[in-house]
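Q: got a structure for you, letters missing:
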């Protein structure tokens, strides 16, 4: 089987790969940002649930979480019947929650890195809490968190392959089927190139962002 | 009338009493320098005036309005209004590193005072010229020297047209050869009748520019007076010891520069 034909088949899976990737980044980054602010709240009642959420999401396998949301929730007593989801939505939801927990910790680190003098300068100039966050804190935080966010994004590209475990098709799923049906290792090689290409684009994008935030 | 009036100010950090009952008055147009050894509470006192630290006991009035009365602070909205009458310059400049000089200057006038853009830009041009840095307006702070950063920080404070300028050791983080440019900007401000409270280790500057010098020691005002009264005082043992240390240090630095 030619590389072109293998690629054509793998491309059938790339839609799901890219969609899970894009949906996760799109929702997990803002959610992680909100969580990071709450996790640093002075009020323990706000802080504690976020810390607990982060602990659970980071402390259990993503695959377990996928199984739990997709196959486990419907078995919950009383509410289970309302929690039957389309598998693809279940996958996206799980990825968003899991990655939000990681982003929350990355952003929290970024927030901690900002000098107290920045808050003081903003305060004596009369900026409101929201103005301080939006105009002073977050832009400086972005610079600090870009390298770890880039790292997380690259991990995410490859983690998308996990959705195959709940019966969804994606790039690796097709590669595996092809290897089995053609008795050739080539589809794995082509799939690897697919992932490398996505990672390459991401790497370039983050290099650009890091240049842009080089203050 | 006293534009700043503080009475019986006490402040603790945990178990450590940093201010043990300080009375301070500053009149309109006056330049007050606060000197004293490290840990004497001079920076804390300054920071309390603008509510960067909260006092435990005592009262502070700014322009006749209470900021805190007998240890009880006024409402957040009023604190903001009172704080807005003051500008502050920090030891470590605290410029916003992600913004150009120009953006640093315009941020607060546009987003806090809701100043008209043209008016804010005119003001920025004016204050940047005043500190001699108009040609640096599009630079990021990282491309400026320490002295230039501090001059921008002063300009940023001036943007808000404060009635009172507070300086917290404005030259302590600078290389010795860069302090002059900052001090000369401050001297110009003093000459133009700005009300200034300056915590400083620059004895020559305090001597030449201040109308009044306050010597703080161990959380209290140990002595205050005109520069002449302070620097020619030989009877106050603590002050004499403090000044002698500074003289020694100055000579050492002088020799180091020659060497």
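A: Yep, that arrived. Just so we're clear, the structure is a prediction, and the values are computed from it rather than from any experiment. Numbers count the residues shown, from 1 in each chain, chains lettered A, B, ... in the order given.
Q: Regarding chain B, what is its longest helix?
A: Criterion DSSP state H: the longest helix present in chain B is helix B:237-258.
Q: Relative to the whole chain's centre, how far out is it?
A: The chain centre lies 23 Å from the centre of helix B:237-258; the measure is C-alpha atoms, centre = their mean, to the nearest Å.
Q: gap between the closest residue in space to residue A:139 that isn't next to it in sequence and residue B:191?
A: Leaving aside its chain neighbours, residue A:139 sits nearest to residue B:98 (4.6 Å; criterion: C-beta to C-beta, 6 or more residues apart in numbering or on different chains). Any C-beta I mention is one placed from the backbone N, CA and C, and that applies to glycine too. For residue B:98, the distance to residue B:191 equals 34 Å [C-beta to C-beta, to the nearest Å].
Q: Now tell me what touches stretch B:101-118 from outside.
A: Residues outside stretch B:101-118 that contact it (C-beta atoms under 8 Å, 6 or more residues apart in numbering or on different chains): A:125-128, A:131, A:135, B:84, B:95-96, B:99, B:120-121, B:123-124, B:127-128, B:133, B:136-141, B:144, B:152, B:155-156, B:159-160.
Q: Let me see the contact set for the most centrally placed residue in chain A.
A: By C-alpha atoms, centre = their mean, chain A has its centre lying nearest to residue A:99, at 3.8 Å. Counting by C-beta under 8 Å, 6+ apart, residue A:99 makes contact with A:24-25, A:28, A:32, A:152, A:156.
Q: Turn the residues you listed into CSV, columns for neighbour count, distance to residue B:7 and pLDDT.
A: As requested, the contacts of residue A:99 are exported to CSV (neighbours: other C-beta atoms under 10 Å in any protein chain shown; distance: C-beta to C-beta, whole Å; pLDDT from 0 to 100):
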residue, neighbour count, distance to residue B:7, pLDDT
A:24, 26, 59, 97
A:25, 19, 57, 97
A:28, 23, 54, 98
A:32, 25, 48, 97
A:152, 21, 55, 97
A:156, 21, 60, 97
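Q: Pull the number of nearby residues for residue A:52.
A: Neighbour count of residue A:52, defined by other C-beta atoms under 10 Å in any protein chain shown: 10.
Q: ugh, wrong one, I meant residue A:63
A: 14.
Q: Helix or strand: which one has residue B:12?
A: Element membership for residue B:12 (DSSP states H and E) is strand B:2-13.
Q: tell me the angle of the very next helix or strand once past that strand relative to strand B:2-13?
A: Counting by DSSP H and E, the element after strand B:2-13 in chain order, helix or strand, is strand B:16-27. Angle of strand B:16-27 versus strand B:2-13, following axes from the mean of the first three to the mean of the last three C-alpha atoms, to 10 degrees, is 180 degrees.
Q: Just checking: what are the partner strands of strand B:16-27?
A: Taking DSSP bridges as the criterion, strand B:16-27 pairs within the sheet with strand B:2-13 (antiparallel).
Q: which of the residues in the strand it pairs with are buried?
A: The neighbour-count check on strand B:2-13 (16 or more other C-beta atoms under 10 Å in any protein chain shown) flags B:3-11 as buried.
Q: could I get those residues as JSON lines with pLDDT and distance to residue A:177?
A: Shown next, in JSON lines, are these (pLDDT from 0 to 100; distance: C-beta to C-beta, whole Å):
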{"residue": "B:3", "pLDDT": "95", "distance to residue A:177": "81"}
{"residue": "B:4", "pLDDT": "97", "distance to residue A:177": "79"}
{"residue": "B:5", "pLDDT": "96", "distance to residue A:177": "82"}
{"residue": "B:6", "pLDDT": "97", "distance to residue A:177": "79"}
{"residue": "B:7", "pLDDT": "96", "distance to residue A:177": "83"}
{"residue": "B:8", "pLDDT": "96", "distance to residue A:177": "82"}
{"residue": "B:9", "pLDDT": "97", "distance to residue A:177": "77"}
{"residue": "B:10", "pLDDT": "97", "distance to residue A:177": "77"}
{"residue": "B:11", "pLDDT": "97", "distance to residue A:177": "72"}
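Q: OK, contacts around residue A:93?
A: Neighbours of residue A:93 in contact, by C-beta under 8 Å, 6+ apart: A:69, A:85.
Q: From residue A:36, how far off is it?
A: Counting by C-beta to C-beta, the gap from residue A:93 to residue A:36 is 20 Å.
Q: for the helix or strand where residue A:159 lies, the distance to its chain's centre please.
A: Assigned by DSSP H and E, residue A:159 belongs to helix A:138-159. Computed by C-alpha atoms, centre = their mean, the chain-centroid distance of helix A:138-159 equals 9 Å.
Q: got it, and stretch A:12-26?
A: Relative to its parent chain, stretch A:12-26 has a centroid offset of 11 Å by C-alpha atoms, centre = their mean.
Q: Could you list the buried residues of that stretch?
A: A:13-14, A:16-17, A:19-21, A:23-25.
Q: ok, so of these, who is nearest chain B?
A: Nearest to chain B among the buried residues of stretch A:12-26, counting by C-beta to the nearest C-beta, is residue A:25 at 22.8 Å.
Q: next SSE after the helix or strand encompassing that closest one?
A: If you go by DSSP H and E, residue A:25 is part of helix A:3-39. Per DSSP H and E, helix A:3-39 leads on to helix A:44-59 as the next helix or strand towards the C-terminus.
Q: residues in contact with that next one?
A: Taking C-beta under 8 Å, 6+ apart as the rule, helix A:44-59 contacts A:35, A:38-41, A:65, A:97-98, A:100-102, A:104-105.
Q: Mean confidence (pLDDT) on that helix, please.
A: Averaging pLDDT along helix A:44-59 gives 96.
Q: so that helix versus helix A:3-39, what angle?
A: For helix A:44-59 against helix A:3-39, the angle by the same axes, to 10 degrees is 160 degrees.
Q: pLDDT score assigned to the closest residue to residue B:79 other than its chain neighbours?
A: Leaving out its chain neighbours, the residue that sits closest to residue B:79 by C-beta to C-beta, 6+ apart is residue B:51, at 5.6 Å. On the pLDDT scale, residue B:51 is placed at 96.
Q: do residue B:194 as well
A: On the pLDDT scale, residue B:194 is placed at 94.
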